[in-house]
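Asks: What shape does this take:
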Amino acid sequence: MVIILAIIYLLMIRPQAKRQKEKQKMLEDLKKGSHVVTIGGIHGTIAGFKGNEKKSVILKVDKNTNMTVNRSAIAGQVGSVDDSETEVIETQN
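Replies: Next comes the predicted model:
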């Protein structure tokens, strides 16, 4: 019985705790100018923080478009992108 509990701990509980700790560290390390993606798939750059505890993040998603999201809604940081890797798509209005 003890062996089964040890296996469950090693295979399920410990990795989840490790992932949670890594995400918490990533959220604490966010700073202005970081490129991030939200859990909803929205990409943006952190323009600032709101509140005394900085629980809200102001994301710049376009030239004149800012969004306020909870810090916990940030899924992760996005690596820097070169201009050579981007494709410009022009739309007609």
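
Asks: Now do the helix ranked longest in the chain, average pLDDT.
Replies: Secondary structure of the chain per DSSP state H: the longest helix is helix 14-28. The pLDDT scores in helix 14-28 average 89.

Asks: Which strand residues bridge residue 37?
Replies: Counting by DSSP bridges, residue 37 is bridged to residue 43, residue 76.

Asks: So for residue 54, what's the nearest residue that isn't a sequence neighbour?
Replies: Spatial nearest neighbour of residue 54, excluding adjacent residues (CB to CB, 6 or more residues apart in numbering): residue 71 at 7.0 Å. C-beta: built from backbone N, CA, C; applies to glycine.

Asks: give me every residue that touches that neighbour.
Replies: Residues near residue 71 by CB atoms under 8 Å, 6 or more residues apart in numbering: 27, 30, 49, 54-57.

Asks: ok, 10 Å please
Replies: Shown in contact with residue 71 (CB atoms under 10 Å, 6 or more residues apart in numbering): 27-28, 30, 46, 49-51, 53-57.

Asks: Can you tell me which of the residues you listed end up in helices?
Replies: Among those, the members found in helices (DSSP H) are 27-28.

Asks: All set now, cheers.
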